[in-house]
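Enquirer: mind folding the following:
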Amino acid sequence: MKDVAERARVSVSTVSHVLNGTRKVSEKTRGEVLAAVEELSYRPNLLAKGLKTRRTYTIGLLIPDIRNSFFTSVVRGVEDVALSRGYHLFLCNTDEDPEREDEYVRELARKRVDGLMVAPSARREADIRRLRGEGVPFVLVDRDVEGVDADVVGVDNRAGMRLIAEHLVGLGHQRMAMISGPLDKASGYERHLGLRDALSDLGVELDDSLVRFGDFRTSSGREGARELLSLSSPPTALITANNQMTLGALLTISEMGLDVPGDVSVVGFDDPEWAPLTGPPLTTVAQPTYEMGVKAARMLLDRIETELGAESRKLLLEPWLVVRESTAPAKRPST
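Expert: Now for the predicted structure:
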């Protein structure tokens with residue numbers, strides 16, 4: 001670091017501020033320091049740095065399904081922020097299994113990670129005792145936990161479902177069905193109640209017989225859609241609570257020889273890259289997934305570096321409705 005300072009003609013403390021982001025430095029000085037770093041092929045000694053700061057400069061991220069494009073976008077946001085601030089990331093797939101989640105939390109704590117970001121597999125405090133008990137700073141991502149005072153970065157699921165309700169009711173739909181996520185996951189619970197409450201405010205009832213509960217995976221979307229669309233009086237619109245279940249529902253609709261939106265309008269929650277490519281292009285509620293990862297990582301690193309005693313924060317990002325061609329005015333009268 002002293003060599004870098006001499007090459008850039010600045011103080012050692014200025015080099016430290018540039019590399020660690022601990023104080024604002026002019027763009028000109030920052031550029032000179034980074035140029036010297038590159039010329040000298042300087043790499044910080046993280047072991048020495050860790051001994052001095054009592055940090056390992058590693059963080060953990062636990063997600064429930066690595067195959068889900070929603071979470072891969074979140075991961076990208078987390079990783080970009082972590083690397084920019086000198087941290088490296090451990091990524092773990094919990095498979096929606098609380099025991100597996102506990103095992104990862106325990107192991108990452110043993111590896112002395114500086115903090116954790118977790119999309120919890122359950123929404124009740126008793127189910128995340130391990131996370132609370134390890135004493136590691138953490139941020140909940142995408143899913144809140146009932147009764148837990150913690151930093152949270154998520155999306156306003158209720159607002160997203162209100163957008164769907166207003167869109168479909170505006171198209172004249174009264175008999176709407178939902179493939180919901182599980183109620184023991186915060187996102188499933190909030191989206192289910194969010195749709196029910198929004199429809200009620202609009203004077204429409206969500207009939208319990210038109211709700212199926214899935215597990216956020218493709219197979220449950222397939223099964224739920226088949227059951228709902230095989231009813232003697234099928235719904236005129238189908239709402240799915242995440243992108244994986246939407247994909248399953250669309251596969252079933254195709255297999256049944258039904259037309260979208262002629263026989264049934266379809267609205268998904270999540271806006272995956274393939275949504276404009278379905279036949280017809282899919283109407284969805286989009287979420288700022290990359291931004292969610294960025295905000296969560298910044299919140300955790302700020303907590304680690306400067307705000308260990310600060311009050312917890314809850315940040316809900318706003319979703320938006322992307323209207324495409326999978327929704328149309330209801331053609332059958334409600335029954």
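Enquirer: OK, contacts around residue 176?
Expert: The neighbourhood of residue 176, defined by Cβ atoms under 8 Å, 6 or more residues apart in numbering, consists of 168, 199, 204, 206, 210, 235-239. C-beta coordinates here come from the backbone N, C-alpha and C atoms, glycine included.
Enquirer: farthest-separated two in these?
Expert: Among the contacts of residue 176, the pair separated by the greatest distance (Cβ to Cβ) is 204 and 238, at 14.9 Å.
Enquirer: show me which of those two is the more surrounded one.
Expert: residue 238 (30 against 18; other Cβ atoms under 10 Å).
Enquirer: can you put the contacts of residue 176 in CSV and add secondary structure?
Expert: Formatted as CSV, these follow (DSSP: H, G, I helix; E, B strand; the rest coil):
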residue, secondary structure
168, helix
199, helix
204, coil
206, coil
210, helix
235, coil
236, coil
237, strand
238, strand
239, strand
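Enquirer: and of these, the nearest to residue 111?
Expert: Nearest to residue 111 among those is residue 239, at 41.6 Å by Cβ to Cβ.
Enquirer: who's in contact with the closest one?
Expert: Contacts of residue 239 (Cβ under 8 Å, 6+ apart): 164, 168, 176-179, 195, 267-269.
Enquirer: these two touch, right, residue 204 and residue 174?
Expert: Yes. Using Cβ atoms under 8 Å, residue 204 is in contact with residue 174, at 5.8 Å.
Enquirer: show me where the stretch 101-250 of the chain has its helices.
Expert: For the stretch 101-250 of the chain, the helices defined by DSSP state H, counting those that start in this stretch cover 129-133, 157-170, 186-201, 218-229, 243-255.
Enquirer: pull out the buried residues from the second one.
Expert: Judged by neighbour count using 16 or more other Cβ atoms under 10 Å, the buried positions of helix 157-170 are 157-165, 167-169.
Enquirer: strands of the protein, start to end?
Expert: Under the criterion DSSP state E, the chain contains strands at 58-63, 88-93, 115-118, 138-141, 151-155, 176-180, 211-213, 237-240, 265-269, 283-286, 314-317, 320-322.
Enquirer: picking up where we left off before, next, format the helices of the stretch 101-250 of the chain as JSON lines and append distance to residue 54 and mean pLDDT.
Expert: Shown next, in JSON lines, are the helices of the stretch 101-250 of the chain (distance: least, Cβ to Cβ, whole Å; pLDDT from 0 to 100):
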{"stretch": "helix 129-133", "distance to residue 54": "20", "mean pLDDT": "75"}
{"stretch": "helix 157-170", "distance to residue 54": "38", "mean pLDDT": "98"}
{"stretch": "helix 186-201", "distance to residue 54": "33", "mean pLDDT": "96"}
{"stretch": "helix 218-229", "distance to residue 54": "44", "mean pLDDT": "98"}
{"stretch": "helix 243-255", "distance to residue 54": "41", "mean pLDDT": "97"}
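Enquirer: grab the nearest non-local neighbour of the most centrally placed residue in the chain.
Expert: Centroid-nearest residue in the chain: residue 142, 4.2 Å away (criterion: Cα atoms, centre = their mean). Nearest in space to residue 142, with sequence neighbours left out and distances taken as Cβ to Cβ, 6 or more residues apart in numbering, is residue 119 at 4.7 Å.
Enquirer: quick check: the one you found vs residue 281, distance?
Expert: From residue 119 across to residue 281, the span is 28 Å (Cβ to Cβ, to the nearest Å).
Enquirer: please apply the same query to residue 272.
Expert: Distance from residue 272 to residue 281, by Cβ to Cβ: 12 Å.
Enquirer: who's more crowded, those two?
Expert: Between residue 272 and residue 281, counting by other Cβ under 10 Å, residue 272 is the more crowded of the two (22 against 15).
Enquirer: can you read off the pLDDT for that one?
Expert: Residue 272 is assigned 92 on the pLDDT scale.
Enquirer: residue 299 too?
Expert: 95.
Enquirer: which residues does it contact?
Expert: So residue 299 contacts 139, 151, 153, 313, 315 (Cβ under 8 Å, 6+ apart).
Enquirer: at 10 Å instead, please
Expert: By Cβ atoms under 10 Å, 6 or more residues apart in numbering, the contact set of residue 299 is 81, 115, 117, 137, 139, 141, 151-153, 307, 312-313, 315.
Enquirer: could you do residue 25 as well?
Expert: 10, 14-15, 17-18, 31-33.
Enquirer: what of residue 76?
Expert: Per Cβ under 10 Å, 6+ apart, neighbours of residue 76: 289-290, 293-294.
Enquirer: return the per-residue confidence for it.
Expert: We have a pLDDT of 95 for residue 76.
Enquirer: distance between the ends of stretch 276-284?
Expert: One end of stretch 276-284 sits 10 Å from the other (Cα to Cα, to the nearest Å).
Enquirer: who's in contact with that stretch?
Expert: 160, 164, 167-168, 240, 243, 246-247, 250, 254, 259-262, 265-272, 274-275, 319-328.
Enquirer: show me just the buried residues among those.
Expert: Among the contacts of stretch 276-284, those scoring as buried are 160, 164, 167-168, 240, 243, 246-247, 250, 260-261, 265-272, 275, 319, 321-322, 326-328 (criterion: 16+ other Cβ under 10 Å).
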